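K.L.:
Turn this into a structure:
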Amino acid sequence: MDKKTLHNLLSQLKPTDLLFLCYDIAWQLYDTQATRDEILDALSQPPYLTKVLDSLPKYHLNYNMAIINLPPKTYEKLIGRTNELTQIILPRLRQKEQNNILAIVGLGGMGKTALAYETVEQVRQENIFDYIVWISAKQEHFVGGSTQQSHLNFTTFDDVLSQIGQQCHHIDIIKMPIEQKKSKVKELLTKYHVLIVLDNLETVEENQAIVHKLWEIRGQSKLLLTSRHRIDHTQIITINLQGLSEKEGISFLKHEAQIRNIQDIIHAPRNILTTIYQVTGGAPLAMKLVLGQISRQPLAIVLQNLQKVSQQGEDYEFYRFIYWDSWNLLSDDAKLILVDLSVFPPILGGEVTDIEAINQFTPATLWQAIGQLVQMSLVDKGGKLNQERYALHPLTYYFVLSDITQEWM
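P.N.:
As a prediction, this is how the structure comes out:
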């Protein structure tokens, strides 16, 4: 197709249809090895096209330009997390001068990706960013009681740079050598206000290095991370996700029951819902698992299986999804100390002196291991200064007491 024919075709389209088509045409031209300048020339001439783009409200541009890689939404309504979203995340994303990295961290199944997704939905509505880039390192999903493999968007810094170029519609960046690519992405992030979301960062081997390198070229753009493991960086603000509150957990159960039309839960007395909440520790994924099983098994058996999981148990795949990767990264000392911490009640945990009293390790070894366990979201640190407590989430508590840990040792 020559330029004249292309221009005649574009002139017949409505403005919004034109925007949808522009990038499809760009990709087709790119496949023919056209340069970026040639692509832009084909899409920006004659002058009517520029006028059309300039005349549209900015939200139209954002709607069509941003987030070409956003995954499907896995929830209908976000229950809870209001404080994290409205008091911590959004205020910092709204302020251009704020240069902190935001990291949503927590045990698997706590809703980290859902909170990041809700953040993206909100900033899209508010038209805060010129582009929003979503890059996922999720290796597997837990759906319907089993794990399913996922398609990775990145494993290296080079992959991240390519994704930023592609999702910001600078597709020529993809084929550049790494140093040139880094320079071009830095120009892009300086020129435009971009939100970069790195989802499930813990699965990437060089995750710390990727964050540090992105920080160096961030320009006026911002980083939002989700990870099961804490990321070390002086500019990171960590949002630590634990289980939902009891009120939020019961609301979550009722909402999910309505979606699935589970009448027994819809009409269940509060004490039954409270029991489900307490056993699952308010973890959204665990509550979904329970709701999915009660259609074929008594509730008491479902909750018992969750608490007394084994290698042969129906819930083994759930625990493998949550804990396998983190467990394999622990030192031998950290594994033993995690098991020792199960002598304390879940959520409540133990004080520093109590933890030191039950351990045979030296204080230096003990606290180095606990530091690793906290960093990997396997132990929750709470309490006031000089009154710290260290506790296991109920799911971690069940996992530690199961025969799975003996098998994995």
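K.L.:
Isn't Ser402 up against Phe318?
P.N.:
No: counting by CB atoms under 8 Å, Ser402 stays clear of Phe318, with 11.6 Å between them. For every residue, glycine as well, the C-beta is placed using N, CA and C.
K.L.:
what do those two both touch?
P.N.:
Val309 (CB atoms under 8 Å, 6 or more residues apart in numbering).
K.L.:
count of residues packed around Leu291?
P.N.:
Per other CB atoms under 10 Å, the neighbour tally for Leu291 reads 20.
K.L.:
which ones are touching the closest residue to it other than its chain neighbours?
P.N.:
Leaving aside its sequence neighbours, Leu291 sits nearest to Glu256 (CB to CB, 6 or more residues apart in numbering; 5.5 Å). Taking CB under 8 Å, 6+ apart, we find Glu256 in contact with 262, 265, 287-288, 291.
K.L.:
does Gln98 sit in a helix, a strand or a coil?
P.N.:
coil (DSSP: H, G, I helix; E, B strand; the rest coil).
K.L.:
and the protein, what are its domains?
P.N.:
Using automatic domain parsing, the domain ranges for the chain come out as 3-56, 82-241, 246-307, 317-408.
K.L.:
Could I get the average pLDDT for the third one?
P.N.:
Mean pLDDT, computed over domain 246-307, is 94.
K.L.:
among the contacts of Glu256, who's most crowded?
P.N.:
The most crowded member of these, judged by other CB under 10 Å, is Met287 (25 neighbours).
K.L.:
Contact partners for that residue?
P.N.:
So Met287 contacts 249, 252-253, 256, 276-277, 280 (CB under 8 Å, 6+ apart).
K.L.:
Dump the C-alpha coordinates for stretch 261-275 into CSV.
P.N.:
Extracted in CSV, the C-alpha atoms of stretch 261-275 (Å, rounded to 0.1, in the frame of the first residue of the first chain):
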residue,chain,number,x,y,z
ASN,A,261,-24.3,-18.3,43.7
ILE,A,262,-23.3,-20.3,46.8
GLN,A,263,-26.5,-20.0,48.8
ASP,A,264,-25.1,-21.7,51.9
ILE,A,265,-22.5,-19.0,52.3
ILE,A,266,-24.9,-16.2,51.2
HIS,A,267,-27.2,-17.1,54.1
ALA,A,268,-24.6,-18.4,56.5
PRO,A,269,-24.6,-17.0,60.1
ARG,A,270,-21.7,-14.7,61.0
ASN,A,271,-20.0,-17.2,63.2
ILE,A,272,-19.6,-19.6,60.2
LEU,A,273,-18.1,-16.9,58.1
THR,A,274,-15.8,-15.8,61.0
THR,A,275,-14.5,-19.4,61.3
